[in-house]
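Asker: Only the shape, not the letters, is given here:
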Ligand code: PGA
């Protein structure tokens, strides 16, 4: 794992945007995996800025979202489909039909998940997956106890995840209790992965994910099994890491 301790989330966004830019320059028909949540927002903003300046085009890219709530109307302001359109995909030149989101309203969840996996395979896999990390260590919505080999499927959200995400909804009862999510096995199939995490509330899960044992109880620890992962964190999120001096000497100064 490459652990990069950044001065701020803005610096992390800049480094991540450089990585996305380099990926698209080397392969214009790049397949990107997208996360929702607050952590990647600065990255999406930076990518939109670069697009507006004419520095990058997403016209040939394909994008797959990690997850979607079950049971929300597609146009609900807090559906992940609406969210990612608002903060990113509607502001760039990616083709609307090249942005895939798990079908949270499908009549047949299993079939929708199977089709999602097939779509990823037909796109020849994800080149670069962007991830956040939940306060319980989830990636996508793979809650603790998710199999490290899991594929896209229906999952019940933990109480903690429901509490974390409820503030985005007008009423606590509007918060869905289930979601469709890419599995951990699906995520690990990506050819490269960037995880972003910021703030003191992420310090314990970052410590466990990076330096703890690989265990289904800490889904992000599965990233230790992947050969090409970059963890971009700020000082606060890095504050529990035992080997931070090593990470600084080995991976620091990556700014451009
Ligand atoms: P956050 O969510 O970026 O809003 O902290 C991360 C997640 O739940 O995966």
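Answerer: On my side now, so go ahead. In this text the structure is predicted, and so the values were computed from the model without any measurement.
Asker: which residues does residue 197 contact?
Answerer: The contact partners of residue 197, by CB atoms under 8 Å, 6 or more residues apart in numbering, come to 39, 132, 133, 205, 206, 231, 232, 233, 237. The C-beta positions use only the backbone N, C-alpha and C, and glycine is treated the same way.
Asker: for the longest helix seen in the chain, packing partners?
Answerer: Of all the segments of type helix in the chain, defined by DSSP state H, the longest one is helix 9-26. Using 3 or more CB pairs under 8 Å, 6 or more residues apart in numbering; DSSP states H and E as the contact criterion, the neighbours of helix 9-26 among helices and strands are strand 2-6, helix 41-52, strand 128-131, strand 192-197, strand 229-234.
Asker: can you redo those as JSON lines with mean pLDDT?
Answerer: Formatted as JSON lines, the entries for the helices and strands packed on helix 9-26 read as follows, by pLDDT from 0 to 100:
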{"stretch": "strand 2-6", "mean pLDDT": "97"}
{"stretch": "helix 41-52", "mean pLDDT": "98"}
{"stretch": "strand 128-131", "mean pLDDT": "98"}
{"stretch": "strand 192-197", "mean pLDDT": "98"}
{"stretch": "strand 229-234", "mean pLDDT": "98"}
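Asker: Relative to residue 112, which of those is closest?
Answerer: Using CB to CB as the measure, strand 128-131 is the one of these that comes nearest residue 112, at 20.1 Å.
Asker: okay if I get the helices and strands packed on helix 9-26 as a markdown table plus distance to residue 153?
Answerer: Formatted as a markdown table, the entries for the helices and strands packed on helix 9-26 read as follows, by distance: least, CB to CB, whole Å:
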| stretch | distance to residue 153 |
| --- | --- |
| strand 2-6 | 29 |
| helix 41-52 | 26 |
| strand 128-131 | 17 |
| strand 192-197 | 20 |
| strand 229-234 | 23 |
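Asker: that older thread, save the contacts of residue 197 as TSV, and put in neighbour count too.
Answerer: Formatted as TSV, those follow (neighbours: other CB atoms under 10 Å):
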residue	neighbour count
39	25
132	21
133	26
205	23
206	26
231	27
232	27
233	28
237	28
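Asker: which residues sit against the longest helix of the chain?
Answerer: Helix 9-26 is touched from outside by 4, 6, 30, 32, 39-40, 42-43, 45-47, 50, 55-58, 61, 127-128, 130, 192, 194, 196, 198, 230, 232-234, 254-256, with contacts defined as CB under 8 Å, 6+ apart.
Asker: and the residues you listed near the ligand, which?
Answerer: Among those, the ones lying close to the ligand by the criterion of CB under 6 Å from any ligand atom are residue 39.
Asker: What's the ChimeraX line that selects buried ones from the contacts of helix 9-26?
Answerer: Here is the ChimeraX command that selects the buried residues among the contacts of helix 9-26 (16 or more other CB atoms under 10 Å):
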select :4,6,30,32,39,40,42,43,45,46,47,50,56,58,61,127,128,130,192,194,196,198,230,232,233,234,254
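Asker: before we move on, back to that, how about the longest helix of the chain: buried residues?
Answerer: Buried residues in helix 9-26, counted by 16+ other CB under 10 Å: 9, 11-17, 19-21, 23-24.
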